[in-house]
Structure formats: C-alpha cells, structure tokens
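Asks: model this:
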Amino acid sequence: MKLPRRALLAAPALLSLGARAQAPWPTRSIRFIVPFAAGGPVEVPARFIAESLTGSLGQPVIVETRPGAGGALGIQTVVQANDPHTLLFTTSSVAILPALMRDPGYDPFRDLVPITMISDAPMALLAKPDNPIRDLADLLARARARPGAISYASSGAGSTTHLGGALLGVRAGVELLHVPYRGAGQAVNALYAGDTDLLVTGTIEALPHVREGRLRAIAVTSAERVAALPGVPAIGEAVPGYAMTIWYAMLGPRGTPSEVVARLAREVAPLASGTPLARRMEESGARLLLDGPQRLAERMRAEVPQWREVAQAAGIRAE
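Replies: Numbering: from 1, shown residues only. So this is what the prediction gives:
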C-alpha cells in the first residue's frame, strides 16, 4: 500500500521523537543552570543535589551560574539548549518574570517541563530594633495614615522580595515605597544605615541577623507561622489572602522525556529527610520537598496569573 505524501513527510520527525524518548540518559555530563550570581542561597541545594546525582546517575552533574536580566538569561540558556542534559535549578522567579517583562524569552508552560519542587521558604519583614513600628498592625495603621511614607528595601526590582512587599500593599490596600537594591547584601546594609524603614528578604538571609538581635522580624510571609521564628506572626493573620513563599525548583527544557523526569524525581526524593541538606534547610526556616513534578506544575499554574494580577494592581510596569 502506498502511503500518502503527508505521512511520508511526517515519518522522519516521528522517528526522531521516538529515538529521543528511547535514548539512554544520561550519556554525558549534566548541567544545572542557576540563573543567579554565585554564592546565592539557591546554590546551596543545587550543589548538594548535584553531588548526590553525580553518584546515582554515573555522570558528572555540574552547577553553572548564569546571572542576568533578573534570572531570565539563565532560563533562556536552558530553553535554547533544548537538551535534557541541561536543566534549570531556579527560584519562583520563573513564575514572576512573565508578569514583569513583555518578553522574558520563554513561556513557562510551553518551554519548560516541571521535574520537582526543591523547597519553599517564607520571607521575613524586618526592621531595626529601634524602629518605632511595633508590629504588623502598627505598620498597617501608619501606612494608611501616610500613604507612601513607609519604605521597604528589596534585592532588586522584580525580585521575589520586591513582589513580597507589593503583594502586601495590594492585599492590605496600603501604599508602601519600594526601594530596590542590587542584591540582598546591599538591601540589608541600607536597612542598617537607616536608608529604608523595612526590608523584605528570605528567612535564609534574615535569620542570622534576627538571632543576633541586630534586626527584628515583624512578620513572615507564609500562610502560617514558622518554627524558626517563634512568636513572629504570619502576615495572613492580619491581611486575608496574603501568603507567599520563595520556592526552589528543578525544570527541564521542552521535550524532556517523561522517563527522565521520573528518574530525576525518584533519585532526589530520598534526600528530603535525614540528610545534612534537610537539616540545613529546616534551620533556615525552609522545607525540603522533593515531591515530584505535579506539585510544581500546580504551583506554576497558580502563580503565573497571580503575579500578573499583582503587577497590574501595584503598577509594576513590564520591562
């Protein structure tokens, strides 16, 4: 029987897709692309997991930092590589950037394949110990009385720390003045210098300052209180509908075979408890998850439209 011309033209492409899905993996070294500067908090779990996978997969797993454009440059590196040996190890910025940039260079649903959530952690709203703002209720009362008079520092425009403050403004109906800095270190220094009233940052960065008594935690951004900061309320207790955590995740480029996703998720899952990484994350107020692709896919589907809504309501313009 003679096949139709359309079927003959499609056959090579179908064979190529089938060969890719059935090819052994990994056949060479694997790259974890971290889209932020070296030394950041996301690099800690990335390097721990890379070392573990190097042993279990039989191929080197190398962590590469590719900072730029708020994380978009590193994400584009993975998308353009289009190779399951080049994986993305990133934060929740992957769901935020499409709300802030007209063209971040990727579509989070079309170009990326969820592999697993790594962890999530709240942020903390910090002030100097001598700041007259007593607590969250006092902060909101002062903000309503003097719109725009209270400032908060973040690690950069469009960062998760920026959006944490913006979400507070939108959900509480108050106007806060955002002051962006180049990284968490500069933002902390600005708070110490009195250049801003408040700072929104991850608990990983916040806890050393709080435990030493140099800064005071007014609230945490998670839906519930966290054991690492006993006695510190969650913003959601006073602001209905407010909840935000910084999450870390592993994703592959479009076309990553389901067998590769399943194997990676299976290999990292045992690291979630009883490991030095699990203990380190718990001490910093984070939860180590490593629970496969479904939870990550659900989180992205919920957060991409949420951040578009927040960016529009807060007047954060796309770049």
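Asks: which residue ranges of the protein form helices?
Replies: All helices of the chain, identified by DSSP state H, fall at 5-22, 43-57, 72-81, 93-100, 136-145, 160-172, 184-193, 203-211, 258-268, 276-283, 293-313.
Asks: any chance of those in TSV, with mean pLDDT and distance to residue 228 too?
Replies: For the C-beta atoms, the positions are set from N, CA and C on the backbone; glycine is no exception. Below are these laid out as TSV (pLDDT from 0 to 100; distance: least, C-beta to C-beta, whole Å):
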stretch	mean pLDDT	distance to residue 228
helix 5-22	49	43
helix 43-57	96	16
helix 72-81	96	28
helix 93-100	92	23
helix 136-145	96	18
helix 160-172	93	17
helix 184-193	92	17
helix 203-211	91	6
helix 258-268	97	23
helix 276-283	90	7
helix 293-313	93	22
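Asks: could you dump the ones you listed to CSV with distance to residue 117?
Replies: Compiled in CSV, these are given as follows (distance: least, C-beta to C-beta, whole Å):
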stretch, distance to residue 117
helix 5-22, 24
helix 43-57, 11
helix 72-81, 17
helix 93-100, 12
helix 136-145, 28
helix 160-172, 15
helix 184-193, 22
helix 203-211, 16
helix 258-268, 10
helix 276-283, 12
helix 293-313, 5
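Asks: which one of the ones you listed lies nearest to residue 34?
Replies: helix 43-57 (5.4 Å; C-beta to C-beta).
Asks: need the contact list for the nearest residue to residue 123 once chain neighbours are set aside.
Replies: Leaving out its chain neighbours, the residue that sits closest to residue 123 by C-beta to C-beta, 6 or more residues apart in numbering is residue 221, at 4.4 Å. Counting by C-beta atoms under 8 Å, 6 or more residues apart in numbering, residue 221 makes contact with 122, 123, 124, 125, 164, 200, 234, 235, 242, 243, 244, 245.
Asks: any idea which of the residues you listed is the one closest to residue 208?
Replies: residue 124 (11.6 Å).
Asks: for the residue nearest to the closest one when sequence neighbours are not counted, what are its contacts?
Replies: Leaving aside its chain neighbours, residue 124 sits nearest to residue 206 (4.2 Å; criterion: C-beta to C-beta, 6+ apart). For residue 206, the contact set (C-beta under 8 Å, 6+ apart) comprises 123, 124, 126, 215, 217.
Asks: now for those, which pair is the farthest apart?
Replies: 123 and 215 (13.2 Å).
Asks: neighbour count winner among the two?
Replies: Just comparing residue 123 and residue 215: by other C-beta atoms under 10 Å the higher neighbour count belongs to residue 123, 28 against 23.
Asks: wouldn't residue 181 be in contact with residue 153 here?
Replies: Yes - at 5.8 Å, residue 181 and residue 153 qualify as touching, with contact defined as C-beta atoms under 8 Å.
Asks: which residues do these two both contact?
Replies: Joint contacts of residue 181 and residue 153 (C-beta under 8 Å, 6+ apart) are 187, 190.
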